[in-house]
Each structure stands twice: as C-alpha cells, then as structure tokens.
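Trainee: Below: sequence and its predicted model.
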Amino acid sequence: MTQRASHPFGEQTPEASGSTGHPGPAMIDAGAELDPVHPVKLPAPAVDPRGLTAAEVAERIARGEVNDVPVRSSRSVREIVRANVFTRFNLIIGVLWLIMLFVAPIQDSLFGFVIIANTGIGIVQEWRAKKTLDSLAVIGEAKPTVRRDGVAAEISTSEIVLGDLVELGPGDKAVVDGTVAEADSLEIDESLLTGEADPVLKRPGDPVMSGSFVVAGGGAFTATKVGREAYAAQLAEEASRFTLVQSELRTGISTILKYVTWMMVPTAIGLVISQLVVNDNNLKGSIARTVGGIVPMIPEGLVLLTSVAFAIGVVRLGRKQCLVQELPAIEGLARVDVVCLDKTGTLTEGGMDVTEVRTLGGADDAYIGDVLGALGSSDPRPNASLQAIVDAYPDGEKWLCTQTLPFSSARKYSGAAFDEGGGRESSWLLGAPDVLLPEQDPALTEIEQLNEQGLRVLLLARAQGALDGPDIAAGAVPSALVVLEQRLRPDAAATLAYFDDQRVATKVISGDNAVSVGAVAGKLGLPGAEHTLDARRLPTDPDEMATAMEENAVFGRVTPQQKRDMVAALQSRGHTVAMTGDGVNDVLALKDADIGVSMGSGSEATRAVAQIVLLNNSFATLPSVVAEGRRVIGNITRVATLFLTKTVYSVLLAVLVVCTQVDYPFLPRHLTLLSTLTIGIPAFFLALAPNKERAHPHFVRRVMRYAIPSGVIAAVATFATYLIARNHYSGPGALDAETSAATLTLFLVSMWVLAIIARPYTWWRIALVAAMGLAFLIVLVVPWLQDFFALKLVGTTMPWAAVGIAVVASAGLEYAWRLVGRRFPV
C-alpha cells in the first residue's frame, strides 16, 4: 500500500482551507446548489470526508463485502490441461491408439506416444505463458486511491470494501459502482458502457458506473456495489481471458480442420470397408493398415504448434515488459499497415520544461509570475504542461482560488478565478493560443515561429467574465505566452525508422498545434512530417477525411471524437490501424482501433481498453511486438502447408486404395516415421524461427493453394510407385517390399516439399533438412531399425525406380509452386 498526504480536497480545517483556496468539507452545505463549473468538492449527504475507519474496513471484510472480482489473468492450469487434452482429434487418435495397442506391435502405436508428447509440450508452454501474463498483470494493475481515516492511499482493486471513499482524477477509471460524494467539475465518460459519446457532468448524489472514466475535473465517490455485483465486473472478467478467438490465424485453422473432418469421415469409412471386407486379409493386419490410413489424415500438430507459437511469443514479449492482454494482438499488430501515434508520451516523454515566458500588451513580469503560480496551485492533479509551470513557479499560494475550470481535451484550455486580496479579483484562462485567440490576431505569427521550432506554446489570457459563462474564451485579453520545451524520447527516431522500413505508414495525431507537432516529428525523422493538417479544417465526410488522412502525416488540434473518426476513416479504406496513447483523450480511439497500445504509465482507463500495454513505457518495444507477430503468422503459414500436404496425400491415397481395391500401402509406423522427419521436427524449428516477412491476409487461401497441388503430386507419385512395385515383387515378403518402395518415394517427395518451404535458406535450415534426410538413411541401413520400422529395400531396380519417380515428382512440385504463385496470387 502506498500512502500519500491527504487529498487536497480531503479533510481540512478552516484555516488550512483559507490558505489553500479550497473550502473544507466542514464549511460546505451539503444541500447547497452545485456550481456547474466549479463545485469545489461538495460532499454528498451522510458521507464522512475522512472515509472509512480501520475498524469499519475490518468489519466489512469480515462480512465479505470486498471487491473480490477476478484479477486479470490467463486461463487456469485446469483449463489449460483440459483445452490441450480434450480435443476432437485427440479423441479420434486416442481411440485408434487403444485399438492398435491390442492388435499390432508397439511400433504401430508410436503415433499415440507422439500425441502425448505434443500435448505435454502444449501444456508446458501455455503454463509458461500463463505465469508470464499473471506476473505482468500484477505490475500493470490499476491502483485506485482510497481515503481511509483521512489519509489517501493507493490500494489494490481487490482490497476495496463496500462504503470506501474512492478518489477520482483525470484518466482514472471507476473500478466499482458508487455514488458521487465530492465533485470538482467532475466530467465522466460512460461511452464504453452506454455508447453515449458526450461526457456527463456529475454532481454529488449522482451514480458512478464501474468501467466509466474521468475526462475532466476530479472528485470522490462512495462504493455502493463491489465484486461481481458491479456493473462492469463481468465485462472485465470476460475481457481478461487468455484467448485465441477472433484471430484470422485461429479462425482459418478452424475452417481448415472443419473441411478436413468432412473429408476424413467418408474416406475413413470407405477405407475400413475396403480393408476388412473386400480384401481377404487377416483381421489384425487389416485393422493395422486401416488405422495407418486414417491417422495421417489428421493434422494434429497444427493446432498445437499455433498455440505454442503464440505462447512462446507471450513469454518473449513478457521479458521485454510488454503485457499482451488479448493474445490475437500479437498477430493483429503484425498485420497493421497504419500506426497512429499520440505525440505526448509516445514521441515525447511526459515531462516538459518552461523555457521562456513572453509577456504581451505590456503586462508586468512579476504579476504574470504570480498568476502562473496561482494557476499551478489551483489544480490538485496538474497535467504535464501545468506541472512544468508548477515547477517553474512553485510559490503559488499568495491568492485565494475561488473558482476553477479544469482542462478538457475538447476545450483545449483550463482556467481559474482568484481573490488577490485588497478587494481585487481576476479570472484567467490557460490553453491553446489558436483556440483562445481570433484567427487574425498578430500574436499568432509569433506563436507560429515558435511552433516551427518544435516548441509548445500556451497562452495566458485574462477572462472578462465568470468562468461559468457561455463563451468564456470570447474577448479574453492575451497577457503572456508560456513557451514549453518537450523532451524527445531517445528511442523514438529508431522506432519510426523501423516502421518506415517495414512500409507501415505512421500518423501523428495530437491535441497540440499541428506545426509544433510536425517540427517535433521532423526532428525524429518521420517521413512526411512536413505534411501537417489542423484537425479543425479536417473534412467531416468520412471519405474525404480518409483521403486527408492518407495524404498527411501530422495532425494537430485533434479532439477525442475526431481521433475515433480518423481511425474509422482509415479502416474504411481497408487499412489495419494500430493506435498508441497514454492519455484519457486516447481511450475511445484505442477501443475502436484494430489494435490499441497503451503505455504502462498511462491512465487506468487507457490501460484497461488496450490490447497491449508497454509496461516499460518504451515506444521502442513496438517493433519487437510486430516482429513477434510476423514470426507467428509467417511461420504458421509455412508449417500449415506441411501439415495439410500430409492430409491431402493421405486422403487421396485412401481414395485410390478404395477405388483400386488393393491393400493400403502403409502401416502406422511408416507414416509416424515420415511425419516425424518431414513435418513434426522441422515444423517445430520453423515455427519458432525469426521471420520478418510482412503478414498477408487470406490465410486459408495462402495455405491451401500450395498444400493441395503438393499433396496431389505426393499421392500420385507414391501410388504409382506402389502399383509398379506390386507388379515387380511377388512371394511371401512382397507386401513389405512394396511398402518400403512406396515409403521411399513418399519420403523423398515430402522432403522436397520441406526443402521448398524452408526457403530462403540459411545455414541452420540447410542443416535441418540434411539432418532429416540423414536420419531416414540411418533407418534404411541399420538392421534393427529396418526391423523395427519394417523398412527394407529389396533389390536395386525398384528402389532406383522409386527414386526416379520422386525426382520427376519433385520437378512437378517446383513447376506447380511457381505456376500457383503466378496464377493465384493472394
């Protein structure tokens, strides 16, 4: 628990209240009319501003009135085991394995042990991913501020009890349901829950729903519903699952498996009838060869490798302090072709420095310093700009603050009214010069020159009326320009260069002046940084907005609603959009983007809606996420082609056997050996290898356009060898010799498919293919392995014929792959 000094609007004595400019709760009439601009923390009736006492907290814990919502977590160990063990294909293979254990030697049951090993690997890798996710989730967990015994302290969400007084500030998320107890121009956005776009001004007594977040002002609310009774608790539980749903990769594999199942069932039935009824074989031998035909139809390792690839991706990214809250985000970011960045906190660090204050209209320097100091002390939760002013003018408690207008991303300015003493009163606004000044004001020329240097400029203006006036900015008298220097992130330039190299368009979207943002982006080498656009001139028509978005790279004076519209406009042109940000003004756009990326130091609301949270606050981690996603997608596409080539040739071989009324050419041991050497082991290494290839859509088409011709060629070549061998061999050992010749052809053709998929070659890929070939050669020449796998080449004529057929088939593979690449581009 992290304690801090009592909240500025917490319990105060009248004397303290007078010195700080904020009335204490004891002085406020709870039934008084609420000022819509500055209610200065009006407590709701019957609420102790000190919060609960330690005894009251203990009493509520004993009664079970605790916020026992599920923490953000991956699947439980039980769920991981169940998901990996109880699958459709494991059931089929498990039944076949039990049958083989009774009717055939152990060699023909090896496929069952392979499935056990694969399932174990899947469980272990997902368990590792679970541990990584759980540990990172604890780091990234929101820590609401709760007032107890008059002391504000950050506690875990699960420690909140019924009746707790929870403080709120800009960017904070309501983690439980409650009733407003104190409000200081408290504006809450409930759009994630209700769909209502406009923030709601909250008064004491108004309800607060968990899942909503503060966009302006501050306050506190009393928790009235905790745990699973809270409005958004079930949504939070569902959103926190470790899942692969809504992933094109996962959906594509499910589609493929569905069609495979449909093909497999009638083919398997035909094979069973063919081997048991038509041929006059012994029962055990028929069952063995039937199972040998069914097992290789099942691409059992494909789902496993996909899960393992994602799980290892989570572990790798976790080491870089990157929390993947939704697993498909790894894949999604690899498909992104437009990244929208919020300048503050992404290209620049959070802090700023006041480099200069230029007075206007003959204003007195010392007086302006007093105004800035008073403005700084008027806000208990200053943003980065105001914090820089607080640091520059720390002595700001000379005047009494009588009214405040908190900063809002929609307004682009904040304000405060002061009693300066001696009967003098004044109201001031601080914010965007091009919002507070008319378009032709001569001061804008000077401001433009500063913006071109990448400096941020705020205008201090004296308001002519009360802050709750309808258009307080109109007629404000400019008094000074506050020039702020932003701190550039040292790693931002390299990250922008990476995205440019990967042909990912980068759009900088900011609430600041467009020219100033463009200058900052230009310093970091952003391509097209000179193409800036003020969002106030952005077309409202979605198609015209999309065109403007594609033609420009830097956008300034963007409102939160415009950020959403910009994301939607880009998506309407077929772009996959990632949005990064850390402020409350980014929340809605993050929610709408294909991938939302938040900084770990960002607001609670921002972290809650983002799929990826960079806990180290380093924008430079993004390339690692992109690279991890591309590795997963590119490699799974490669290995899926291997697995489905086996499925295609297995189904086609079974069909040919049924049609020609011959013995199935293989026992389970033969195809277990071939699957292990040409698919299983190579696929594991290929799935985890680096891969920088840009992700492409249409996963199913990309895989099947190569797997189908490859499988057909392999099946035809193998069956041709088998038929020739049946005519060549005769006698008691003929079937074993025929099987060995067919196995040789199928292995060589499968190896050529592997050799094609392994391209472009590197030393380790060449070594991988060579090692698999060497392993098969060892099986052919070592006597006990020959006996174990029932593989023995008889004579020289048929083995060389098998090799010759494989060479012709390999040439056909090369031609087919090139033809498919030209005729059926994705």
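Mentor: Looks like it came in fine. Numbering: from 1, shown residues only.
Trainee: Is Ala770 located within a helix, as I assumed?
Mentor: Yes. Counting by DSSP: H, G, I helix; E, B strand; the rest coil, Ala770 is found in a helix.
Trainee: Quick one: neighbours of Ile287, just the number.
Mentor: By other CB atoms under 10 Å, 21 other residues sit near Ile287. C-betas here are computed from N, CA, C, even on glycine.
Trainee: scratch that, Ile757
Mentor: Look at Ile757: counted by other CB under 10 Å, it has 22 neighbours.
Trainee: give me every residue that touches the spatially closest residue to it that is not a sequence neighbour.
Mentor: Nearest residue to Ile757, sequence neighbours excluded (CB to CB, 6 or more residues apart in numbering): Arg638, at 5.1 Å. Arg638 sits next to Leu686, Ala687, Ile757 when contact means CB atoms under 8 Å, 6 or more residues apart in numbering.
Trainee: Okay, buried residues for the one helix or strand Arg638 maps to please.
Mentor: Here Arg638 sits within helix 622-660, counting by DSSP states H and E. For helix 622-660, a neighbour-count test (16 or more other CB atoms under 10 Å) marks 622-658 as buried.
Trainee: Quick check: the gap between Tyr259 and Tyr761.
Mentor: In this view, Tyr259 and Tyr761 are 32 Å apart by CB to CB, to the nearest Å.
Trainee: now Gly218
Mentor: With CB to CB as the criterion, Gly218 and Tyr761 are 61 Å apart.
Trainee: Show me the shaky parts of the stretch 501-650 of the chain.
Mentor: Scanning the stretch 501-650 of the chain with the threshold set as pLDDT under 70 gives 583-585, 603-605.
Trainee: Tell me where it has helices.
Mentor: Listed in chain order, the helices of the stretch 501-650 of the chain (DSSP state H, counting those that start in this stretch) span residues 514-523, 542-551, 560-572, 587-592, 604-609, 622-660.
Trainee: Select, out of the ones you listed, the one closest to Val95.
Mentor: Of all those, helix 622-660 sits nearest to Val95, with 17.6 Å by CB to CB.
Trainee: would you put the C-alpha positions of the next helix or strand after the closest one in PDB?
Mentor: Later in the chain than helix 622-660, the nearest helix or strand by DSSP H and E is helix 668-675. Taking C-alpha atoms only, helix 668-675 is exported to PDB below (Å, rounded to 0.1, in the frame of the first residue of the first chain):
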ATOM      1  CA  PRO A 668       1.100 -46.700 -38.800                       C
ATOM      2  CA  ARG A 669       4.800 -47.000 -38.000                       C
ATOM      3  CA  HIS A 670       5.800 -45.900 -41.600                       C
ATOM      4  CA  LEU A 671       3.700 -42.700 -41.500                       C
ATOM      5  CA  THR A 672       4.800 -42.000 -38.000                       C
ATOM      6  CA  LEU A 673       8.400 -42.100 -39.100                       C
ATOM      7  CA  LEU A 674       7.600 -39.900 -42.200                       C
ATOM      8  CA  SER A 675       5.500 -37.400 -40.300                       C
END
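Trainee: Show the contacting residues for the closest residue to Ile92 other than its chain neighbours.
Mentor: With sequence-adjacent residues excluded and distances taken as CB to CB, 6+ apart, Ile92 is closest to Ile298, at 6.4 Å. Neighbouring residues of Ile298 by CB under 8 Å, 6+ apart: Phe89, Ile92, Ile93, Val260, Met264, Thr647.
Trainee: burial measure for the fifth one, as a count.
Mentor: It stands for Met264. Number of residues near Met264 (other CB under 10 Å) recorded here: 21.
Trainee: where's His728 relative to Arg289, distance?
Mentor: Using CB to CB, one gets 20 Å for the distance from His728 to Arg289.
Trainee: How about Arg147?
Mentor: Per CB to CB, Arg147 is found 76 Å from Arg289.
Trainee: next one: Phe111
Mentor: For Phe111, the distance to Arg289 - CB to CB - is 14 Å.
Trainee: again with Lys320
Mentor: Using CB to CB, Lys320 is found at 51 Å from Arg289.
Trainee: Equivalent analysis for Val315, please.
Mentor: To Arg289, Val315 is 42 Å away according to CB to CB.
Trainee: who has more neighbours, these two?
Mentor: Each of Val315 and Arg289 has its neighbours counted (other CB under 10 Å); Arg289 has more, 26 against 15.
Trainee: distance from the centroid: which residue in the protein tops it?
Mentor: Distance from the C-alpha centroid of the chain peaks at Gly731, with 63.2 Å (CA atoms, centre = their mean).
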